[in-house]
Every structure is written in structure tokens, then in C-alpha cells.
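J.: 3D, please:
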Amino acid sequence: MAVVWGVVGVFAAVAAAAFGVVARRGRGTGGVGSDERAADREAHGRQQRYEAERHGDQGDTWQRGREAGG
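T.: Sure, this is the predicted structure:
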């Protein structure tokens, strides 16, 4: 039974240490909201670039098909 309590104690200590590290790291940033806004801006920019590239690629494909058939 002592071994079980020892394992539970070690598990609790590791969990508490991990929680402390995460909590301390979170305090140094601007908060969860600022990270989320920055990630949202980054994702929106990536989506816009992807759509612009796809639009250009589709235009090139259409022009190639028009020249070959014409």
C-alpha cells in the first residue's frame, strides 16, 4: 500500500510542477486573448494569400486552355 501512495504522490508532484510551469509561462505574455487575436490575424492572412494564389492559378489555366484551343 505504501508503494501505491508513493506513486500517487510522485504523480501529484509532477502534475503540480507542470501546472506551475504553465501558469508562470502564461503570466509573461499579454494573455490568452492577445495570442488568440494574433493567431486569428495570421490565419486570416494565410487564407487570403492562398485564395489569391488559387485565383491566379485558375486564371493561368483558363488562359492556357484558351490559347491551345484557339
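J.: CA atoms for contacts and neighbours, from now on please.
T.: OK.
J.: name the element the residue nearest in space to the middle of the chain belongs to?
T.: The centroid of the chain falls nearest to residue 39 when counting by Cα atoms, centre = their mean (7.1 Å). Per DSSP states H and E, residue 39 falls inside helix 32-69.
J.: do the same with residue 21
T.: Using DSSP H and E, residue 21 maps to helix 2-28.
J.: so what does that helix touch, helix or strand wise?
T.: Applying 3 or more Cα pairs under 8 Å, 6 or more residues apart in numbering; DSSP states H and E, we find helix 2-28 packed against no helix or strand.
J.: the domain parsing of this structure - what is it?
T.: The chain breaks down into these domains under automatic domain parsing: 1-30, 31-70.
J.: tell me the average confidence for the helix holding residue 21?
T.: Helix 2-28 shows a mean pLDDT of 91 in the predicted model.
J.: State the distance from residue 20 to residue 48.
T.: Counting by Cα to Cα, to the nearest Å, the separation of residue 20 from residue 48 is 39 Å.
J.: Sorry, slip of the keys, the one I care about is residue 10.
T.: 49 Å.
J.: Please apply the same query to residue 39.
T.: Computed with Cα to Cα, the distance linking residue 39 and residue 48 is 14 Å.
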